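> Sequence and predicted structure, then a few things I'm wondering about:
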Amino acid sequence: MRLPRFKYSGPETLEQALDLLNTHKDDAKILAGGTDLLVRMKKGLLKPKVLISLKALNELSYIKKQDGYIKIGARTPLADIIASDLIQKEARALFQACEKIGAITIQHFRGTIGGNILQDNRCHHYNQSDFHRSGRQACHKDGGKICYAREEADRCNSTCQSDGATALMALDASLILAKKGAKRTVDLADFYTTDGIIPHAMESHELLREIIIPLNGAQSSYQRLAYRSAIDYPIVCAGVLLKHSSKNEIEEARIVVGAMSRSPLFLAQVSSSLKGKKLNDTIAFKKAADASMDSSAAFAVHNVGATLEYRCAMVSQMVFQALEQAAKCIKG
Amino acid sequence: MEKILITLNINGQYCEVMVYPNDTLLEVLRDELDLTGSKESCGEGACGSCTVHMDGKPVRSCLTLALEAQGVKITTVEGLANGDDLSDLQQSFIDHGAVQCGFCTPGMLMSADALLKDNPRPDDKTIRKALAGNICRCTGYTKIVEAVAHTGNPKDHCPDCNTRSNEKE
């Protein structure tokens, strides 16, 4: 498969990159690793006139602990995150998620954490070749007015299958977005728009610069289910964070279910139901897992592989396993 | 759109090539430099048959722009053997019947070679994890895993097997 034509520019500094983005706006796309972008371009889903490469911007590749936060540069390769002791100890869910993304051959150089968060939503009916799509009317995401995943749907039902996003949302992360002359911080939960066509609340001249994870002594876990152990998107995934008090009671819980909707689902009500429960209360975990399944089933459509019934049933399993594992980590 | 002159360091040799911005490293290797060992199969990073080394780490050449492959040491499957003298890993693939149609073999060799440089005596689980990104539709993987395990540890792995890689010793 050939890539469509584009102009390549490789800025040397962040300022130059932001300048270029400001000039080209919608015509430009940022190229970090390219494992999502180049595939979409090859399939004709995207035809940017300019690609702005972050290859020379080593200033965007770092993992550091600062002022009670873990700060990760957006262009940090997944392999660096997996190898980091800090992430393994303090943000286990992110470590587990990154380990599952792509394969070793994608985690070096190419796959970046920023790219994983910003990957576009997917759908079996949309992520197809030009030729396949040319045989039928365009769907919502392709500029048409039809949804092949859910009959008579008035909007796009594509699914956010990012491993990193689900884990980071469980960790209550926020993002720093930069544009020429300004930057802003946005909560990851607000960053996802729940719109299948434009899944991220980000302007075309903005660039993802940094990911911030608060350090609060909590334990986290990430579980995912996919057909293949490598190079596959999850069909269901769950990220969980548990913070405990001195009496071995849960003080705060965050349950996030991914790959079931247009954005990762933070289940606030289910999460708060775990407050005050003991860490070894398996029945409460089971109840929360079943409630997660009920809450997320309403959003899912049959568009990423396995049958809907199976995916919904597995939500409960993934959440339960993640809760058990996080509780086990706290107990040591 | 104009072609751009780039310099690539491939298998220890510097090559100057004119490329378009939308040329992938794989296309340049195969079409411009006649290094047809690396294969294109899925073209979207799922199968691993285009795997090459960049600075010793395995990467997908179908998802790497040729423009972005400058300044690193690239090794393709042609760079594994020394002339006609196959590397131990390549010989072990032949001896164990790990090659059937052969299309995935260059990618498998490159992924396995990177693993063996990091970890000369990997166990089965480690080998399977390192090769998880490569698809083979013929062998069922067992022979490939055996071939890699044998290279790292010929005596303990199959002391009785009468393969050329054992005879060498």
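Nice, I can see it. Just so we're clear, the structure is a prediction, and the values are computed from it rather than from any experiment. Residues are numbered from 1 along each chain as shown, chains lettered A, B, ... in the order given.
> correct me, but residue A:74 touches residue A:116?
No - applying Cβ atoms under 8 Å, one finds residue A:74 not in contact with residue A:116, separated by 10.1 Å. Every residue, glycine included, has its C-beta placed from N, CA and C.
> and residue A:300, what is it in contact with?
Shown in contact with residue A:300 (Cβ atoms under 8 Å, 6 or more residues apart in numbering or on different chains): A:159, A:260-261, A:308, A:311-312.
> hmm, try it at 7 Å
A:260-261, A:308, A:311-312 (Cβ atoms under 7 Å, 6 or more residues apart in numbering or on different chains).
> List the strands paired with the helix or strand hosting residue A:224, with their directions.
If you go by DSSP states H and E, residue A:224 is part of strand A:219-225. Strand pairing for strand A:219-225, using DSSP bridges, gives strand A:236-244 (antiparallel).
> Pull out the buried residues from the contacts of residue A:300.
Taking 16 or more other Cβ atoms under 10 Å in any protein chain shown as the criterion, what is buried in these is A:260-261, A:311-312.
> and the stretch 101-250 of chain A, which of its residues are near chain B?
A:103-106, A:108-110, A:229-231 (Cβ under 7 Å from any Cβ of the partner chain).
> what about 6 Å?
A:103-105, A:108-110, A:229-231 (Cβ under 6 Å from any Cβ of the partner chain).
> Could you pick out the buried ones from the residues you listed?
Looks like those have A:103-105, A:108-110, A:230-231 buried, using 16+ other Cβ under 10 Å.
> Can you list which of those residues are found in helices?
Within these, residues falling in helices by DSSP state H are A:104-105.
> For the residue in chain A that chain B sits nearest to, give its distance to residue A:88.
Proximity to chain B, evaluated over chain A using Cβ to the nearest Cβ, is greatest for residue A:103 at 2.6 Å. With distances taken as Cβ to Cβ, to the nearest Å, residue A:103 is found 19 Å from residue A:88.
> Then residue A:112?
Applying Cβ to Cβ to residue A:112 and residue A:88 gives a distance of 19 Å.
> who's more crowded, these two?
residue A:112 (30 against 15; other Cβ atoms under 10 Å in any protein chain shown).
> residues in chain B within reach of chain A, list them.
So far as Cβ under 6 Å from any Cβ goes, chain B lies against chain A at B:1, B:21-22, B:43-46, B:51, B:57-60, B:63, B:67-68, B:130, B:132-133.
> Just send the contacts of residue A:300 back as CSV, with distance to chain B, pLDDT and secondary structure too.
CSV is the format used below for the contacts of residue A:300 (distance: Cβ to the nearest Cβ, whole Å; pLDDT from 0 to 100; DSSP: H, G, I helix; E, B strand; the rest coil):
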residue, distance to chain B, pLDDT, secondary structure
A:260, 23, 94, coil
A:261, 24, 94, coil
A:308, 24, 92, helix
A:311, 21, 95, helix
A:312, 26, 94, helix
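> How is chain A divided into domains?
As given by automatic domain parsing, the domain ranges for chain A are A:1-57, A:61-118+A:159-331.
> most packed of those?
domain A:61-118+A:159-331 (a mean of 21; mean count of other Cβ atoms under 10 Å in any protein chain shown).
> now the end-to-end length of that one.
Distance between the boundary residues of domain A:61-118+A:159-331 (Cα to Cα, to the nearest Å) amounts to 34 Å.
> ditto for stretch A:180-191
First-to-last residue span, stretch A:180-191, Cα to Cα: 19 Å.
> State the mean pLDDT of that stretch.
Stretch A:180-191 shows an average pLDDT of 94 in the prediction.
> same check, this time on stretch A:56-65
96.
> Which residues does that stretch contact?
A:10, A:12, A:71-76, A:84, A:86 (Cβ atoms under 6 Å, 6 or more residues apart in numbering or on different chains).
> I'd like to know which of those is nearest to residue A:134.
Using Cβ to Cβ, residue A:10 comes nearest to residue A:134 of the contacts of stretch A:56-65, at 33.5 Å.
> Would you map out the domains in chain B?
B:4-79, B:88-161.
> what distance separates the shortest one from the centre of its chain?
I take that to be domain B:88-161. 11 Å (Cα atoms, centre = their mean, to the nearest Å).
> what ranges do the strands span in the chain?
Because you didn't say which chain, this covers chain A. Assigned by DSSP state E, the strands in chain A fall at A:7-9, A:28-31, A:50-53, A:63-66, A:69-73, A:174-179, A:182-187, A:207-214, A:219-225, A:236-244, A:250-258, A:265-266.
> meant chain B actually
Going by DSSP E, chain B shows strands at B:4-10, B:13-19, B:51-54, B:57-60, B:73-75.
> Using TSV, please lay out those strands together with mean neighbour count.
Below are the strands of chain B laid out as TSV (neighbours: other Cβ atoms under 10 Å in any protein chain shown):
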stretch	mean neighbour count
strand B:4-10	16
strand B:13-19	13
strand B:51-54	27
strand B:57-60	28
strand B:73-75	19
